[in-house]
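A.B. asks: Quick one: sequence and predicted model below, then my questions.
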2 protein chains.
Amino acid sequence: MPHQDPLDAALLDRAFMALADPVRRNIVARLSHGDATVNELAEPFAITKQAVSKHIQVLEQAGLVTRSRDAQRRPVHLDAAALERLTAWIDQYRLQAEGRYRRLDALLESQASERIPKSAPTPRSGEQ
Amino acid sequence: MPHQDPLDAALLDRAFMALADPVRRNIVARLSHGDATVNELAEPFAITKQAVSKHIQVLEQAGLVTRSRDAQRRPVHLDAAALERLTAWIDQYRLQAEGRYRRLDALLESQASERIPKSAPTPRSGEQ
DNA sequence: CTTGTAATCAACTAGTTGGTTGATCAACTA
DNA sequence: TAGTTGATCAACCAACTAGTTGATTACAAG
């Protein structure tokens, strides 16, 4: 089953978009070794806390982070399962493409040595 | 060594941004089982081939696809290695976060059963 | 109640993007 | 030569985005 729910399409949009920003990737990196608050995340960057808050909203709506409540503090938590879903999506097509490449490679090799492949390993890569 | 070249930052920007669009993800999906031309890729979508050409340029500048030359045709080819680089980036932080979670989980479990952990498995997850 | 801190909301500016149409280029065909 | 197909370039528009500043909510402490 190569496809998942189409409901995930919008979520994938937001997830990849969220990671397409160096500031947000830095936030992810920082969260990977511990929860943090908006202020803690804002310090290393030359942008205001409001901007960081927006970045976190983007990550949250992408399902990449969650937030809890601890008095005034709202620590941000990285959701490893969400990251795993992204790699799963990519790998689904990466492995497909790699498989094709290896089959073609094997075909060319067997042809170069003038040995006939057993049963035509679906070499439909040419666009005629 | 958790980090790679900072040269990759702009490329990561473009790669994630490229995948943050459903049309481009569909193009990737289609390319995963075979090279294709602009016109072939444009057919299933309700957009012009000019738009598809732009999408492919985005994917190309992100290093996700390459193009060759075959008479007038310029078949687009999906680069599996580029996809692998993306999953490597994500996994780098996913595994870090998962490791933290599992250490905390193991700590709580050992405490619940009132058994003392052998040597305090670095439970620095609380933000006090 | 008042002060202080953490975080968000609201409005605005400046810049970017996705898509369109129309023209152009490159290679094949007659 | 003209005509066709595949693909790109150029200009433009509507929509969206990141960042700013200023006001506002929520909570804790004096």
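C.D. replies: Noted; the coordinates are in hand.

A.B. asks: Can you spell out which helices and strands pack onto the strand or helix carrying A:Arg14?
C.D. replies: For A:Arg14, the element it lies in under DSSP states H and E is helix A:8-19. Under the contact criterion of 3 or more C-beta pairs under 8 Å, 6 or more residues apart in numbering or on different chains; DSSP states H and E, helix A:8-19 touches helix A:22-31, helix A:49-61, helix A:80-112, helix B:8-19, helix B:22-31. Just so you know, the C-beta spots here come from the backbone N, C-alpha and C atoms, and that holds for glycine as well.

A.B. asks: Indicate which one of these is closest to DNA strand D.
C.D. replies: helix A:49-61 (3.5 Å; C-beta to the nearest atom of the strand).

A.B. asks: Just the residues contacting the helix or strand just after that closest one, thanks.
C.D. replies: Later in the chain than helix A:49-61, the nearest helix or strand by DSSP H and E is strand A:65-67. The contact list for strand A:65-67 (C-beta atoms under 8 Å, 6 or more residues apart in numbering or on different chains) reads A:31, A:56, A:59-60, A:74-79.

A.B. asks: Check which strands are paired with strand A:65-67 and give the direction for each one.
C.D. replies: Paired with strand A:65-67 in the same sheet, following DSSP bridges, are strand A:76-78 (antiparallel).

A.B. asks: what's the pLDDT at A:Arg73?
C.D. replies: Note for A:Arg73: predicted pLDDT of 85.

A.B. asks: That one and A:Ala15: what is the separation?
C.D. replies: 25 Å (C-beta to C-beta, to the nearest Å).

A.B. asks: The two - which one has more neighbours?
C.D. replies: Remark: of A:Arg73 and A:Ala15, A:Ala15 carries more neighbours, 25 against 15, as counted by other C-beta atoms under 10 Å in any protein chain shown.

A.B. asks: any idea how far A:Ala9 is from the more buried one?
C.D. replies: For A:Ala15 relative to A:Ala9 (C-beta to C-beta), the value is 11 Å.

A.B. asks: For PyMOL, write the selection for the buried entries among the contacts of strand A:65-67.
C.D. replies: To isolate the buried ones among the contacts of strand A:65-67 in PyMOL, judged by 16 or more other C-beta atoms under 10 Å in any protein chain shown, type:
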select buried, chain A and resi 31+56+59+60+75+76+77+78+79
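
A.B. asks: contacting residues for the nearest residue to A:Ala18 once chain neighbours are set aside?
C.D. replies: Counting by C-beta to C-beta, 6 or more residues apart in numbering or on different chains, A:Ala18 lies nearest to A:Ala62, which is 4.1 Å off, once chain neighbours are set aside. Shown in contact with A:Ala62 (C-beta under 8 Å, 6+ apart): A:11, A:14-15, A:17-18, A:82.

A.B. asks: can you check A:Arg25 too?
C.D. replies: A:19, B:9, B:12.

A.B. asks: quick one on the thing from earlier: buried set for the helix holding A:Arg14?
C.D. replies: Taking 16+ other C-beta under 10 Å as the criterion, helix A:8-19 shows A:11-19 as buried.

A.B. asks: circling back to that earlier point, flag the least confident of the contacts of A:Arg25.
C.D. replies: B:Ala9 (86).
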